[in-house]
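>>> Predicted structure and sequence below. I'll ask about it afterward.
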Amino acid sequence: MARYTGPKTKISRIFGEPILGNGKYLSKNSNPPGQHGATRKRKTLGEYALQLREKQKAKYTYGILEKQFRNTFESAARMKGVTGENLIKLLEARLDNTVYRLGISPSRPGARQLVSHKHITVNGEVLNIPSYQCKPGDIIGLKEKSGANASITGQLRGKNPKFGWVDWNENEKQGTFITYPERESVPENIKEQLIVELYSK
């Protein structure tokens, strides 16, 4: 199961945003990585560079490598509606991202680990595929044994009320994927139209 395992702060410095963590080191050094930081870079990025940058940002944000991201884009292109918005909907509907949105894990990498280590159930069945596409009505929860694990339950922080497309039941330690989110409800700073333009070349 491929995933990015390199330095997280370096990636955050490239984009100037804490896309892989809490960004506590950005306040110490917000310059782009490299010996000379931004001084040797072009002052303005070209059209292709801007498009590529947005695609890379989306990939790192959701923890996906190129092949899987391209497949997700192609699935979005086959759906009815705006391709860019469909792409965001499919990325948000991934099981690892849904676990993160439900507040079961404080980070997407942590959510991915919970899924791959078989701590998460979908509709009562243990599922260890982070890329599983949740469907409206799917019930996501902790496996019974995992629900009694203090190191896991100690990470629970509850659903953020602004994520209206998921619902969390604290007593039963399970949540529901209600519907695909609308683009304006997703807080990630991603210009998905640039990604569409990139793949349309």
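Sure thing, it's come through.
>>> Find the centremost residue of the chain, please.
With distances taken as CA atoms, centre = their mean, the residue of the chain nearest its centroid is Tyr62 (2.9 Å).
>>> So what's the residue count around the spatially closest residue to it that is not a sequence neighbour?
Spatial nearest neighbour of Tyr62, chain neighbours left out: Leu91 (4.9 Å); criterion: CB to CB, 6 or more residues apart in numbering. Backbone N, C-alpha and C define where each C-beta goes, glycine included. Neighbour count for Leu91, taken as other CB atoms under 10 Å: 24.
>>> Check which residues of the helix or strand Ile152 falls within are buried.
Assigned by DSSP states H and E, Ile152 belongs to helix 150-153. Residues Ile152 are the ones in helix 150-153 that count as buried (16 or more other CB atoms under 10 Å).
>>> residues making contact with it?
Leu114, His119, Leu142, Ser146, Gly147, Lys173 (CB atoms under 8 Å, 6 or more residues apart in numbering).
>>> So which of those wins on neighbours?
In terms of neighbours by other CB under 10 Å, those top out with Leu114 at 24 neighbours.
>>> So for whichever strand or helix holds Ser12, mean pLDDT?
Using DSSP H and E, Ser12 maps to helix 8-15. Averaged across helix 8-15, pLDDT comes to 74.
>>> and that helix, what does it pack onto?
In this structure, helix 8-15 makes packing contacts with helix 47-62, judged by 3 or more CB pairs under 8 Å, 6 or more residues apart in numbering; DSSP states H and E.
>>> pLDDT of the helix it packs on, averaged?
Mean predicted lDDT for helix 47-62 stands at 93.
>>> got it, and stretch 66-79?
pLDDT averaged over stretch 66-79 gives 95.
>>> what does that stretch rub up against?
2, 55, 58-59, 64, 83-84, 86-87, 89-91, 131, 195, 199.
>>> neighbours of Phe163, just the number please.
20.
>>> Would you double-check that it falls in a strand?
No - assignment of Phe163 by DSSP: H, G, I helix; E, B strand; the rest coil gives coil, placing it outside any strand.
>>> The nearest residue to it once chain neighbours are set aside: what's it in contact with?
Spatial nearest neighbour of Phe163, excluding adjacent residues (CB to CB, 6+ apart): Arg101 at 5.0 Å. Residues near Arg101 by CB under 8 Å, 6+ apart: Glu92, Lys159, Asn160, Phe163, Trp165, Val166.
>>> Adding distance to Tyr180 and pLDDT, write those residues out as CSV.
CSV is the format used below for the contacts of Arg101 (distance: CB to CB, whole Å; pLDDT from 0 to 100):
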residue, distance to Tyr180, pLDDT
Glu92, 7, 96
Lys159, 17, 74
Asn160, 17, 79
Phe163, 12, 90
Trp165, 7, 94
Val166, 11, 94
